[in-house]
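> A structural model of the following input is requested.
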Amino acid sequence: MEFDEPVSIPITGEFDLHTFAPRDVKAAVEAYLEQASAIGLKALRIVHGKGIGVQREIVRSVLSHSPLVAGFRTAPEDAGGWGATLVDLK
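Below is the predicted model:
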């Protein structure tokens, strides 16, 4: 397999962004939201990590502009706390 070929990732209710570079987060989250909505998921958990908040801000910017999103919030401590965002899709 070539390194520039797309990788197929199964779509579930959880999306972990730890392996994504910040420059790829926006496109990855947009694609994830589209696919999750297409298969009928309504509740999602996006894990962006705690760090300095760069990925969290990118994720929340995408969520706030997406017509697919009904709402989002910081996950409770037992689900990642401020290192994860819970999303409700329309």
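> how about the strands of the chain, start to end?
Ranges of strands in the chain, per DSSP state E, are 14-16, 43-47, 69-74, 84-89.
> Tabulate those strands (CSV), appending mean pLDDT.
Putting these into CSV (pLDDT from 0 to 100) gives the following:
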stretch, mean pLDDT
strand 14-16, 97
strand 43-47, 98
strand 69-74, 98
strand 84-89, 98
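> What ranges does the chain have for its helices?
For the chain, the helices defined by DSSP state H occupy 22-38, 54-65.
> separation between Ile52 and Pro22?
Counting by Cβ to Cβ, to the nearest Å, the gap from Ile52 to Pro22 is 10 Å. C-beta here means a position set from N, CA and C on the backbone, and glycine is covered the same way.
> swap in Arg73?
To Pro22, Arg73 is 22 Å away according to Cβ to Cβ.
> Settle it for me: which of these two has more neighbours?
Between Arg73 and Pro22, counting by other Cβ atoms under 10 Å, Pro22 is the more crowded of the two (13 against 9).
> Would you mind confirming that that one makes contact with Gln55?
Yes - between Pro22 and Gln55 there is a contact at 6.0 Å, judged by Cβ atoms under 8 Å.
> Bridged to the residue nearest to the spatial centre of the chain, which residues?
The residue lying closest to the centre of the chain (Cα atoms, centre = their mean) is Ile46, at 3.9 Å. Counting by DSSP bridges, Ile46 is bridged to Phe15, Thr85.
> my read: it touches Ala28, true?
No - the criterion here is Cβ under 8 Å, and Ile46 misses it with Ala28 at 9.8 Å.
> Between the two, which contacts overlap?
Listed as contacting both Ile46 and Ala28 by Cβ atoms under 8 Å, 6 or more residues apart in numbering are 15, 17.
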